[in-house]
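Engineer: Prediction below, plus the sequence it came from.
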Amino acid sequence: MKTVPVITPEKAASKVKSGDALLVGGFGMTGNPVGLLHALAKTEASNLTYIGNNIGESNLGGGKLLLNGQVKKMVGSFFTSNPDAVRATQSGDVEYTLLPQGSLAEAIRAGGAGIGGFYTPTSVGTILAENREMKVFNGVEQILIESIRGNIGLVRAWKADTFGNLIYRMTEQNFNKAIATAADLVIAEVEEIVPAGEIAPDAIHTTGCYVDFLVEHKLKEENLGSSASIDRNRDIPESRLNIARRAYRELKRGDVVNLGIGIPTLVAELISEDDEIILHTENGMLGVGPAPSDGSGAMDYPVNAGKVPVTALKGTSYFDSTESFSMIRGGHLDVAVMGGLEVDEAGNFANWAVPGKSLLGVGGAMDLALGAKNLIITMTHNNRDGSSKVVPLCSLPLTARKAVNLIITDLAVFDFSAGCLTLREIMPKSSLDRIRENTAAKFVERLHQSHV
């Protein structure tokens, strides 16, 4: 077998030419090839198309390229967390294409597999499906997503051997595994290079035939951004805790559950190992445990979809983003608990975008909304201006159509089991009169008092 050349970050960066399309691994800063990107930020390469889940944080990873004006276009799933990306798109300096996270991962996998595209029900009925070809399969509307390839693939692995075989650490597989297959030239930044034969064949995640160059670069805590550590100093209102407690009651022993950002993350703190509830995170982990008690960050622990360090329970498994979303779209998740901005009388819901702001962060919400067997939306009942979030018809950009099974707010619990929006429970410190006064949508009443 052929030995893969080992080069410096600077030599690797010189292989990127102006106008190239870059495929870049990472979820947040986890599994992100920071050393390669920072070396690239010192070059004259410009007019780059940056393809990845996100573009790093301000002045970190791809964020450096953005600040330098080296990026002309971004293609990804979640750019909202980088304020520089928001400003660049609002000013028109940078073009962007937003894809649901699962569609992005699958498009890259398809590109690496020589497949021209695929059909998916994800995002049907939303603004992300506009101007896309649509077909109906087995009575389900699905849209065409074209495959994605790049000129250069930049990935981060934990270990490589001299033949270019790679293994990834914990949740660092994410987009890296697919990206390694989908570029004309692939450069792998790794923590350690070992002699061929030291990595067991059945432990290899990416085979050496995909890798053209290796760069040895040690991971540093300051390059992990917001995942480097966790903030435990949180003052959580009792009303939000009550919503989380009520959502927890919906979970059954043996359920495979995905928890979204915001109120849903509080549910994780209520789950114990004795519950035998299996938590899934879309960036590639099944068996998510609580936050580490020693206060350590992503140098020592995996991270969840909120980019927060977590522990691994007994029986935990790690995988890449394409397999994670295959679990989701394939109906292998029992419950998804997600936050919401609006839910309407038909079970449509919106949770990712508001008018007047750049539509930069859809993440995995659209995939989860359609893929999970049961979708629970947790949210405060009213906006800050007092307007209702439970509405006759969603006015915000939709996440999914007719997908919601249960709504839990600080005032009430609604479901759609009767074929319409139905009030089932009154939450603590709420009342029927208060619910009627604060709910814009029409609903029927078949209720009892909630006990959280």
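Structural biologist: Sure thing, it's come through. Source: prediction; values computed, not measured.
Engineer: Spell out the secondary structure type for Trp352.
Structural biologist: With DSSP: H, G, I helix; E, B strand; the rest coil as the basis, Trp352 sits in coil.
Engineer: who touches the nearest residue to it once chain neighbours are set aside in this structure?
Structural biologist: Once flanking residues are discounted, Trp352 sits nearest to Val362: 4.9 Å by CB to CB, 6 or more residues apart in numbering. C-betas here are computed from N, CA, C, even on glycine. With contact taken as CB atoms under 8 Å, 6 or more residues apart in numbering, Val362 is in contact with 77-78, 98-101, 128, 352-353, 399.
Engineer: Using pLDDT, spot the least trustworthy of the residues you listed.
Structural biologist: Of all these, Ala353 carries the smallest pLDDT score, 86.
Engineer: quick one: contacts for it?
Structural biologist: Residues in contact with Ala353 (CB under 8 Å, 6+ apart) are 359, 361-362, 396-397.
Engineer: which one of the residues you listed is nearest Val6?
Structural biologist: Nearest to Val6 out of the contacts of Ala353 is Gly361 (CB to CB; 36.9 Å).
Engineer: ok so, going back, which members of the contacts of Ala353 are classed as buried?
Structural biologist: Using 16 or more other CB atoms under 10 Å as the burial test, these include 359, 361-362, 396-397 as buried.
Engineer: Now the two most distant members of the residues you listed.
Structural biologist: Gly361 and Leu396 (13.7 Å).
Engineer: from what I can see Phe78 touches Leu359, true?
Structural biologist: No. With contact defined as CB atoms under 8 Å, Phe78 does not reach Leu359; the gap is 11.3 Å.
Engineer: Can you lay out the contacts of Ala353 as JSON lines showing pLDDT and secondary structure?
Structural biologist: As requested, these are exported to JSON lines (pLDDT from 0 to 100; DSSP: H, G, I helix; E, B strand; the rest coil):
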{"residue": "Leu359", "pLDDT": "71", "secondary structure": "coil"}
{"residue": "Gly361", "pLDDT": "90", "secondary structure": "strand"}
{"residue": "Val362", "pLDDT": "93", "secondary structure": "coil"}
{"residue": "Leu396", "pLDDT": "95", "secondary structure": "coil"}
{"residue": "Pro397", "pLDDT": "95", "secondary structure": "coil"}
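Engineer: what would these look like in TSV with distance to Asn382?
Structural biologist: Listed next are the contacts of Ala353 as TSV, based on distance: CB to CB, whole Å:
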residue	distance to Asn382
Leu359	24
Gly361	23
Val362	24
Leu396	15
Pro397	20
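Engineer: In contact with Phe79, which residues?
Structural biologist: Contact analysis of Phe79 by CB under 8 Å, 6+ apart lists 54-55, 85-86, 89, 96, 98, 360-361.
Engineer: Please report the distance of it from Ser388.
Structural biologist: From Phe79 over to Ser388 the distance is 30 Å, taken as CB to CB, to the nearest Å.
Engineer: circling back to that earlier point, can you tell me which of the contacts of Phe79 is nearest Arg169?
Structural biologist: Arg169 has its nearest neighbour among those in Asn54, at 19.3 Å by CB to CB.
Engineer: Check the spacing between the residue lying closest to the closest one once chain neighbours are set aside and Val413 real quick.
Structural biologist: Using CB to CB, 6+ apart and skipping residues adjacent in sequence, the residue nearest Asn54 is Phe78, 4.9 Å away. Between Phe78 and Val413 the computed distance is 30 Å (CB to CB).
Engineer: And Leu214, by the same measure?
Structural biologist: 54 Å.
Engineer: likewise Leu154?
Structural biologist: Leu154 is 47 Å from Val413, where distance means CB to CB.
Engineer: Mind checking which of these two has more residues around it?
Structural biologist: Leu154 (33 against 25; other CB atoms under 10 Å).
Engineer: Helix, strand or coil: sort out that one for me.
Structural biologist: Assignment for Leu154 (three-state DSSP): strand.
Engineer: and it, what pLDDT?
Structural biologist: pLDDT, Leu154: 98.
Engineer: residues touching the residue lying closest to it once chain neighbours are set aside, list them.
Structural biologist: Take Leu154 and drop its neighbours on the chain: the residue closest to it by CB to CB, 6+ apart is Pro33, 4.5 Å away. By CB under 8 Å, 6+ apart, the contact set of Pro33 is 24-26, 61, 154-156, 187-189, 217.
Engineer: In strands, which of those appear?
Structural biologist: Using DSSP state E, the subset of the contacts of Pro33 located in strands is 24, 154-156, 187-189.
Engineer: I'd like those laid out as a markdown table, including distance to Ile271.
Structural biologist: Formatted as a markdown table, the ones in strands among the contacts of Pro33 follow (distance: CB to CB, whole Å):
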| residue | distance to Ile271 |
| --- | --- |
| Val24 | 33 |
| Leu154 | 36 |
| Val155 | 33 |
| Arg156 | 30 |
| Ile187 | 40 |
| Ala188 | 36 |
| Glu189 | 35 |
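Engineer: Which pair of the residues you listed spans the longest distance?
Structural biologist: Val24 and Ala188 (12.3 Å).
Engineer: picking up where we left off before, looking at the buried ones among the contacts of Ala353, which is nearest Thr378?
Structural biologist: Taking CB to CB as the measure, Leu396 is the one of those closest to Thr378, at 16.8 Å.
Engineer: thinking the closest one is in contact with Gly356, fair?
Structural biologist: No. At 11.1 Å, Leu396 does not count as touching Gly356 under the criterion of CB under 8 Å.
Engineer: Who are the contact partners of Gly26?
Structural biologist: Taking CB under 8 Å, 6+ apart, we find Gly26 in contact with 32-33, 52-54, 56, 61, 156, 174-176.
Engineer: make it 7 Å
Structural biologist: Taking CB atoms under 7 Å, 6 or more residues apart in numbering, we find Gly26 in contact with 32, 52-53, 61, 156, 174-175.
Engineer: One more: Gly153?
Structural biologist: Gly153 sits next to 23, 179-180, 182-183, 186 when contact means CB under 7 Å, 6+ apart.
Engineer: which residues in the stretch 151-300 of the chain form helices?
Structural biologist: In the stretch 151-300 of the chain, the helices defined using DSSP state H, counting those that start in this stretch lie at 176-179, 238-248, 263-268.
Engineer: Quick one: end-to-end distance for stretch 339-354.
Structural biologist: 14 Å (CA to CA, to the nearest Å).
Engineer: Please identify the buried residues of that stretch?
Structural biologist: Buried positions in stretch 339-354, judged by neighbour count with 16+ other CB under 10 Å: 339-353.
Engineer: do the same with stretch 415-422
Structural biologist: Under the neighbour-count rule (16+ other CB under 10 Å), stretch 415-422 has 415-416, 421-422 buried.
Engineer: and for that stretch, what are the contacting residues?
Structural biologist: When contacts are defined by CB under 7 Å, 6+ apart, stretch 415-422 is touched by residues 345, 347, 404-406, 414, 424, 441-444, 446.
Engineer: Thanks a lot, catch you later.
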